[in-house]
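J.: Any chance you can model this:
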Amino acid sequence: MIIKRYIVNNMNEAMNRIRNELGNDAIIVSQRKIRQKGLLGFFKAKKLEVTAAVDEKKQPSVPKTIELEKEIIELKNLISSMNKQVDKKNEKKSESKNKFKSNLIKSGIPEEIVEEIVSEIKKRNEGKKLNQKIYEKEFKNILDEIIKINNIDNGKIHVFVGPTGVGKTTTIAKLASLYSLYKNKKVGLITIDTYRIGAIEQLKTYADILGVPFGVIYSNNEINSVLNEMTNCDIILIDTTGRNSKNYMQLQETKKLINEINPDNVHLVISMTTKEKDIKRIIEDYKILNYNSLILTKIDETNSMGSLVTAIYYSNTPISYITTGQNVPDDIEEAEKTKIINLILEAE
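T.: Residues are numbered from 1 along each chain as shown. Coordinates of the predicted model:
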């Protein structure tokens, strides 16, 4: 009996060498994976050790079909083993991705946005192994990039637009108090909301309490005269009628008024209690008014940050203020990128 040991890279190489050296009558006794010798061998790919034997006496050759079947079986076993290793690696990657996605969706962020965020993270880390820590770090980086802040101090005339019930009038009262009492600015209040019962009286009451000038615009013809009465003001805050974003004609009316006023800033006020899909529609429909700032209200009334992320993601517009309650003037804060990021991450 002749026995020989072969150190090879794969079974195909072993079979060729055995056939050439021992002939077709040789049989494989054993096979196992081994590391190469030396310190560097630890870092190199494993080799295959194959032991083969053949009787010195001439034996009948194994039919080629049987040899081929054995080779196919061995090859299948090898491929199966390799696939299992690949599957385990992919399972770990998938677990990290699925946990990250699940956390974002649980926090209320729409799945459409989550998918785009995950895709962007993969794109930024192409060829790298991704784990939960990397996903979270990259998500924070993305938030840092897409969140923009606007300083309302820039400009004199400010118009506030948005759907009914988002807190426009209360927000204006808070800002008027903030600028009048804490920033020592001369503030003027104007309303063009002549449709809602009590809207004029509500804002006039705040103006009387603060001792600031107040005006009402009933038609486009009155715009210049009302604004001229407030030429001494440092900042003028203008309330508008709440409009259904689906009503194109109403938005067109508001647009004409805004164009006549020619404000320095138009602030879209959005309540964070609004459903994410409705926020997306409002953001799109109100673009006709050329808003250049967001004010996000009622953040204290929701545990979900889905609305916040939706507003930021789809508007691509700077945030000026956030409101956190009904108290005037306390429950309003200048937007800070770090705080907004933390609000989102803590909810996640």
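J.: Any regions of the stretch 1-150 of the chain where pLDDT drops low?
T.: Within the stretch 1-150 of the chain, the stretches with pLDDT under 70 are 36-44, 57-68, 71, 78, 80-97.
J.: change it to 90
T.: 1-111, 122, 125-136, 139, 150 (pLDDT under 90).
J.: can you pull out the helices in it?
T.: 11-22, 64-106, 111-124, 132-146 (DSSP state H, counting those that start in this stretch).
J.: I would like the residues contacting the helix or strand containing residue 310, please.
T.: Assessed by DSSP states H and E, residue 310 sits inside helix 306-315. Identification of contacts with helix 306-315 by Cβ atoms under 8 Å, 6 or more residues apart in numbering yields 107-110, 113, 143, 146-147, 268, 270-276, 279-280, 283-284, 294, 296, 299, 319, 340, 343-344. No exception for glycine: its C-beta is placed from N, CA and C like everyone else's.
J.: For residue 161, give me phi and psi.
T.: Dihedral angles phi and psi of residue 161 (degrees, to the nearest 10) take the values phi -130, psi 160.
J.: and it, what does it touch?
T.: Counting by Cβ under 8 Å, 6+ apart, residue 161 touches 168, 240, 243, 254, 258, 266-269, 286, 289, 291.
J.: tell me which residues form a beta bridge with it?
T.: Here residue 161 sits in beta bridges with residue 268, going by DSSP bridges.
J.: do the same with residue 214
T.: With DSSP bridges as the criterion, residue 214 is bridged to residue 189.
J.: hmm, back to that, strands - which of the contacts of helix 306-315 land there?
T.: Assigned to strands by DSSP state E, the following of the contacts of helix 306-315 qualify: 268, 270-271, 294, 296, 319.
J.: ok, so of the residues you listed, who is nearest residue 50?
T.: Proximity of the ones in strands among the contacts of helix 306-315 to residue 50 (Cβ to Cβ) peaks at residue 319, which lies at 67.5 Å.
J.: Show me the residue sitting in the middle of the chain in space.
T.: Closest residue to the average C-alpha location of the chain: residue 117 at 4.8 Å, with Cα atoms, centre = their mean.
J.: didn't that residue look like it was pressed against residue 143?
T.: No: counting by Cβ atoms under 8 Å, residue 117 does not reach residue 143; the two are 9.4 Å apart.
J.: can you pull the contacts of the residue nearest to residue 239 when sequence neighbours are not counted?
T.: In space, and not counting its chain neighbours, residue 239 is closest to residue 191: 4.3 Å by Cβ to Cβ, 6 or more residues apart in numbering. Going by Cβ under 8 Å, 6+ apart, residue 191 touches 169, 199-200, 203, 215-217, 238-240.
J.: returning to that earlier point: let me have the helices of the stretch 1-150 of the chain in TSV, extended by distance to residue 325.
T.: What follows is the helices of the stretch 1-150 of the chain, written out as TSV (distance: least, Cβ to Cβ, whole Å):
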stretch	distance to residue 325
helix 11-22	72
helix 64-106	25
helix 111-124	27
helix 132-146	24
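J.: Out of those, which is closest to residue 335?
T.: helix 132-146 (13.3 Å).
J.: got the contact list for the closest one?
T.: Defining contact as Cβ under 8 Å, 6+ apart, one finds that helix 132-146 is touched by 96-97, 99-100, 104, 117-118, 120-121, 124-125, 128, 312-313, 316, 337, 340-341, 344-345.
J.: please redo it, this time with the cut-off set to 7 Å
T.: By Cβ atoms under 7 Å, 6 or more residues apart in numbering, the residues outside helix 132-146 that reach it are 96-97, 99-100, 117, 120-121, 124-125, 312-313, 337, 341, 344-345.
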